[in-house]
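A.B. asks: Pasted the sequence and its predicted model underneath.
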2 protein chains.
Amino acid sequence: MAAIGFQILNTDEKTAARAGRLRTPHGDFDTPVFMPVGTRASVKAVTPGQVRDAGARIILANTYHLFLRPGADVVREAGGLHGFMRWDGPILTDSGGFQVFSLADSRKVSEDGVSFRSHIDGSEQTLTPEKSVEIQHSLGADIIMAFDECVAYPAERGYVEESVGRTSRWLGRCVEAHERAAASGKQALFGIMQGGMYGDLRARSAEGITSYDLPGYAIGGLSVGEPKNVMYGILDGCVRLLPEDRPRYLMGVGSPDDIFEAVARGVDMFDCVIPTREARHGNVMTARGRMNIKNARYERDYGTLDPGCDCYTCREGYTRAYLRHLFKAGEPLSATLLSIHNIRFLTRLMERIRDAIADASFTDFKAEFLLEYYK
Amino acid sequence: MAAIGFQILNTDEKTAARAGRLRTPHGDFDTPVFMPVGTRASVKAVTPGQVRDAGARIILANTYHLFLRPGADVVREAGGLHGFMRWDGPILTDSGGFQVFSLADSRKVSEDGVSFRSHIDGSEQTLTPEKSVEIQHSLGADIIMAFDECVAYPAERGYVEESVGRTSRWLGRCVEAHERAAASGKQALFGIMQGGMYGDLRARSAEGITSYDLPGYAIGGLSVGEPKNVMYGILDGCVRLLPEDRPRYLMGVGSPDDIFEAVARGVDMFDCVIPTREARHGNVMTARGRMNIKNARYERDYGTLDPGCDCYTCREGYTRAYLRHLFKAGEPLSATLLSIHNIRFLTRLMERIRDAIADASFTDFKAEFLLEYYK
């Protein structure tokens, strides 16, 4: 039995955008979808109920962090992530691949896997494709990701070429480890395309990962510091190499322009720390662009953050003046209220994108929205 | 018209404990009551809705902090604290007296008032009885406090004597400033007894403040470092000097033993930062005493914090293992979930105290509860 099912409901005529529905053991959600990030089994500063109320239907958690602390066994014994963090909706876990390359110290990559030092306590650790899958089985997310190597940007072609081959071989080992396990009927394994900024290596990676019949495919290694036109160029070439009838997930992307550009190219799933991280810096996403709440101009601004927003923070009448005060005073409620708003901003954007795809107005909506947001 | 009304509903036969109801322009609440502290117009790490759900019916905010940041005008223009922080229930503000003496730098006390340097930006500031009342009118709390001098512990008798006289004279000026203002019908001014650890000076202070017919009286300057038996001894002597038919408020007290001892002596109102401050240190109040959630023994403890507790955190099934993980990982949700629990612990304790007074079991309940909590 397949753990998940994907159905395309509407397609756009002018672009490759499509709206669909993804069925998981913990409920369905509509795509294109934005997934808030709960790195350490908590979307920072908000309760699961607040995350749901902000319109999120699926969240992401990080294998690397949870493997190091509290450890996969502690989560497994709690009934997996769903039981541990009290989120009963769909969850996706990444494989640890990206974090090993962005956070860990003294990293050594071999054909077997990656050895590294924990960024928390300096302890020596190893992740392999089999180990990553095993941890993700313990975490119990509805969607789990293949263990991949995310190369730095910029990277030498020779290294990327070697890495793409390794990531494909690692995928084979992930698939094997996943199929051996009892959990395979309840968890869906996605493959990840890599290839850096080399179009032909992206194609080779796509070929490698689609040689396995998987329920979904991700695009990794983008939005890692490259110029936006480079990223969009790569997307142009590589989204179409992924099967039409499977969900496509662009990892780590969450700014409105990137989301629109990727949706227009046929991407269905997104995750990013943007809404919560920006909130902790006082940055608020609104229909008219980003505002920083600590700006002196908001000192006596008794309006809500974003007129027309239906998030808890705006709905309850918290004013810019109050939110500025909380931020300036270092009150923890500041991160909570701004995170709720920013998450809702993105989930609402996705709702509007889905509606626009359904009623054939996606291109117009995209132009209008971006004009107003980045003016 | 009186801003508030107080009615005694039940009295205990064996002690001076009494249960009552206090009516305010923003709703009624039952006494004895515990008030969580929202120093800077926010109960730390929790939303007003979560505070209410945790059983709190009245909260406290600090004049000193709000005067310095964001300033009384910003709060007034937002519709007072109720509008500013989106809490529509009763609010009490202290006068700034205690904070000036505990937080500010370069303090100089004169008959006129206190000049000091802000602990935030070092700016020179002055608070006088008139100024404190004026700020509290801007903040708009249902109950406001007289500007007093809270002497340090230990303090020389000569200084305390002088200070008690000054605090009484300042009360006269507060009363005058309050009666002159239009807000006096909507806000109730309480006087504060001082007198350090000198019983006769407490009596003199009581005489001074009760010479004004006020809707409530507070006891300040206790729980400032003195041994518990000294505090209880002072309480023995001074509670009975306050009028029977007015609410009595013991400022800054919130540990279960102190609450029980004060209730037994006829105190009706309490406030303390204990539930939220302890939560931020991982300390959890339970029926069987305090536990520190970071203890290794909770690593795989999949029980709730306090069996039988009906707070959101316990009700939703967050386990000790998860809460330990959040705390150890430094996740902000930790403070939220533990604060909710600790606030509920104290509001529930007050509910049980009120019930025990009503059904004549207060003394038994006190003994049982304290035995279990401090065993």
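C.D. replies: Here it is on my side, so go on.

A.B. asks: alpha carbons only for contacts and neighbour counts from here, please
C.D. replies: Will do.

A.B. asks: okay, now residue A:375: neighbour count?
C.D. replies: 8 (other Cα atoms under 10 Å in any protein chain shown).

A.B. asks: Give me the number of neighbouring residues for residue A:137.
C.D. replies: Around residue A:137 there are 23 residues (other Cα under 10 Å).

A.B. asks: Quick check: the gap between it and residue A:176.
C.D. replies: The gap separating residue A:137 from residue A:176 is 13 Å, by Cα to Cα, to the nearest Å.

A.B. asks: got it, and residue A:247?
C.D. replies: Counting by Cα to Cα, the gap from residue A:247 to residue A:176 is 21 Å.

A.B. asks: same question, residue A:35
C.D. replies: Distance from residue A:35 to residue A:176, by Cα to Cα: 27 Å.

A.B. asks: And for residue A:104?
C.D. replies: 26 Å.

A.B. asks: which of those two has more neighbours?
C.D. replies: residue A:104 (18 against 14).

A.B. asks: give the contact list for the more buried one.
C.D. replies: Shown here is residue A:104, whose contacts under the criterion Cα atoms under 8 Å, 6 or more residues apart in numbering or on different chains are A:116-119.

A.B. asks: same thing with residue A:216?
C.D. replies: A:188-191, A:246-249.

A.B. asks: ok, which of those also contact chain B?
C.D. replies: By Cα under 8 Å from any Cα of the partner chain, no member of the contacts of residue A:216 lies near chain B.

A.B. asks: Need those in TSV (columns: pLDDT).
C.D. replies: Below are the contacts of residue A:216 laid out as TSV (pLDDT from 0 to 100):
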residue	pLDDT
A:188	97
A:189	97
A:190	98
A:191	98
A:246	98
A:247	98
A:248	98
A:249	98
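
A.B. asks: Please tell me which one of those counts the most neighbours.
C.D. replies: Neighbour max across the contacts of residue A:216 (other Cα under 10 Å) = residue A:191, 32 neighbours.

A.B. asks: Tell me the backbone dihedrals of that one, please.
C.D. replies: phi -90, psi 160 (degrees, to the nearest 10).

A.B. asks: Test my guess that it contacts residue A:218.
C.D. replies: Yes: shown here, residue A:191 and residue A:218 form a contact pair, counting by Cα atoms under 8 Å, at 6.0 Å.

A.B. asks: The residue nearest the centre of chain A sits in which helix or strand?
C.D. replies: Centroid-nearest residue in chain A, with Cα atoms, centre = their mean: residue A:271, separated by 1.8 Å. For residue A:271, the host element (DSSP states H and E) is strand A:269-272.

A.B. asks: next one: residue A:6
C.D. replies: strand A:5-11.

A.B. asks: for the record, mean pLDDT for that strand?
C.D. replies: For strand A:5-11, mean pLDDT is 98.

A.B. asks: List the buried residues of that strand.
C.D. replies: A:5-6, A:8, A:10-11 (16 or more other Cα atoms under 10 Å in any protein chain shown).

A.B. asks: likewise stretch A:122-142?
C.D. replies: In stretch A:122-142, counting by 16+ other Cα under 10 Å, buried: A:126-142.

A.B. asks: do the same with stretch A:40-53
C.D. replies: A:40-48, A:50-52.

A.B. asks: What parts of the stretch 201-350 of chain A come near chain B?
C.D. replies: A:299-300, A:302, A:316-319, A:321-322, A:325-326, A:329, A:331-333, A:336.

A.B. asks: low pLDDT regions in chain A?
C.D. replies: By pLDDT under 70, the low-scoring segments of chain A are A:1, A:183.

A.B. asks: run the last query once more with 80
C.D. replies: The model of chain A has pLDDT under 80 over residues A:1-2, A:182-184.

A.B. asks: Can you name the next helix or strand after the helix ranked longest in chain A?
C.D. replies: Using DSSP state H, we find that the single longest helix of chain A is helix A:333-358. Where DSSP H and E defines the elements, the next helix or strand beyond helix A:333-358 is helix A:362-373.

A.B. asks: And that next one, how far out from the chain middle?
C.D. replies: 22 Å (Cα atoms, centre = their mean, to the nearest Å).

A.B. asks: hang on, isn't residue A:96 packed against residue A:68?
C.D. replies: No: taking contacts as Cα under 8 Å, residue A:96 lies outside contact range of residue A:68: 10.5 Å.

A.B. asks: Would you mind telling me which of those two has the busier surroundings?
C.D. replies: residue A:96 (27 against 16).

A.B. asks: Quick check: the gap between the residue lying farthest from the centre of chain A and residue A:335.
C.D. replies: Most distant from the centre of chain A: residue A:300, at 36.2 Å, with distances by Cα atoms, centre = their mean. Using Cα to Cα, we find residue A:300 at a distance of 20 Å from residue A:335.

A.B. asks: now do residue A:118
C.D. replies: Residue A:118 is 27 Å from residue A:335, by Cα to Cα.

A.B. asks: got it, and residue A:89?
C.D. replies: Distance from residue A:89 to residue A:335, by Cα to Cα: 23 Å.

A.B. asks: on that earlier part again, selection in PyMOL covering whichever of the contacts of residue A:104 are buried, please.
C.D. replies: A single PyMOL command selects the buried members of the contacts of residue A:104 (16+ other Cα under 10 Å):
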select buried, chain A and resi 116+117+118
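
A.B. asks: And residue A:365, how far from residue B:51?
C.D. replies: Taking Cα to Cα, one finds residue A:365 at 40 Å from residue B:51.

A.B. asks: Let me fix that, I meant to ask about residue A:108.
C.D. replies: 49 Å.

A.B. asks: Kindly report the same for residue A:367.
C.D. replies: From residue A:367 to residue B:51 the distance is 43 Å (Cα to Cα).

A.B. asks: Same check on residue A:360?
C.D. replies: 45 Å.

A.B. asks: Endpoint to endpoint, stretch A:63-74 covers what distance?
C.D. replies: Using Cα to Cα, first and last residues of stretch A:63-74 are 13 Å apart.

A.B. asks: And for stretch A:240-257?
C.D. replies: End to end - Cα to Cα - stretch A:240-257 spans 20 Å.

A.B. asks: Repeat that for stretch A:264-277.
C.D. replies: End-to-end for stretch A:264-277, by Cα to Cα: 26 Å.

A.B. asks: Which residues outside that stretch are in contact with it?
C.D. replies: With Cα under 8 Å, 6+ apart, stretch A:264-277 has contacts from A:15-20, A:31-37, A:43-44, A:60, A:235-236, A:239-240, A:247-255, A:259, A:285, A:335, A:338-339, A:342-343, A:346.

A.B. asks: Appreciated, that's everything.
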